[in-house]
Every structure is written in structure tokens, then in C-alpha cells.
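[1] one predicted model, sequence on top.
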Number of protein chains: 2
Amino acid sequence: MYVILVYDIGEKRVGKMLKHCRKYLNWIQNSVFEGEITEVKLKEMVGEAKRIMREDEDSLIIFKSRDERWLDKQVIGQERMSTDHFL
Amino acid sequence: MYVILVYDIGEKRVGKMLKHCRKYLNWIQNSVFEGEITEVKLKEMVGEAKRIMREDEDSLIIFKSRDERWLDKQVIGQERMSTDHFL
């Protein structure tokens, strides 16, 4: 399935979350990731994300589409290529 | 159509962009919006967004799904209700 992941994480935890999410998905904008992922890998990613974040403060939202073709993407301005290495 | 909008905007412009996007979509996370919108209204929103942002610095990404039913949404932690009024 194809997912879009967005997070709003406290400053103390955001570096760890970024490193974690980059193992599974492409980093396309400051706190936004997208990519193809299996149900098993998604569960694994979410499980670890829950250990990193504080659910009473932080926010993690995942949009799941069964197929990338059902999603059109329009980029205006810059798009971070996931090969970029600054935080 | 159903859209997810994410932006990464310079500090000087982000307040204006937030105000602008809230006229069209629901604000669900720090720089993330979602909602139903017509093609005409989307064009109008993007046109004005382009006037607000600096395309050489800022980033606006819009994911379009023809139907909200093709998107499952998973929220972990907090979700800003669009009635929240802090910036």
C-alpha cells in the first residue's frame, strides 16, 4: 500500500523520529514522508514510533491508499529529495 | 475530490499561508490540511498560495484522491481539531 506520513513531534524527539521514518519511507518535506510499504512493515514502523513519541504531546498521522495510482501529487516550490541530508 | 495539503513555508509567510489554507481545508496538524474541494476551488487556492509563497524557498505539496473512501487515516497522539485557534 502507498502511505503519506506527517508528524508534529517535540523538538527533543524529532531527530530520532526523522531517523526512524527514513528507514521506511521517502522524506519529501520537513515533517512529511511518502512511499510504498507493506502492512507488516507499517505495523513495525508505527510500533517503534509510539516508543519514540509522547502521545499526549506529539502527533503522527498516516494516510493509507491501497494504490499509488489513486493519488495525484502536485508539488509547488521545493521538494526535498530524500537524498538530502540536512535535518 | 479529497486532498491532503502539506507545506513548509518561511517564517515570515507561514501565518498568511495558514490563514489562506484554512479558508478551504481543515487544519489537522502543524502544516497539514485535509478536506473535500472542487477543481475550481483548488485552482483558486493554489493561485493565491503561489502569490504568498516564495517558490525558490518554500514547499507546498498537494495529494489528490478522487474519493475520500480510497484513503484510510490513522492518527497516533494528538490531532488538531480545525476549531483550535492557536497558530
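    Looks like it came in fine. Please read all numbers here as calculations on a predicted model, not as lab measurements.
[2] so how far is B:Asp56 from A:Ile4?
    Counting by Cβ to Cβ, to the nearest Å, the gap from A:Ile4 to B:Asp56 is 25 Å. Using the backbone N, CA and C atoms, a C-beta is placed for each residue, glycine as well.
[3] neighbour count for these two, which is higher?
    Between A:Ile4 and B:Asp56, counted using other Cβ atoms under 10 Å in any protein chain shown, the more crowded position is A:Ile4 (24 against 7).
[4] contact partners for the more buried one?
    A:Val32, A:Phe33, A:Glu34, A:Ile62, A:Phe63, A:Ser65, A:Leu71, B:Ile4, B:Phe63 (Cβ atoms under 8 Å, 6 or more residues apart in numbering or on different chains).
[5] what's near enough to touch the closest residue to the fourth one other than its chain neighbours?
    By that I understand A:Ile62. The shortest distance from A:Ile62 to any non-neighbouring residue, by Cβ to Cβ, 6 or more residues apart in numbering or on different chains, is to B:Gln74 (4.4 Å). Applying Cβ under 8 Å, 6+ apart to B:Gln74 gives the contacts A:Val46, A:Ile61, A:Ile62, A:Lys64.
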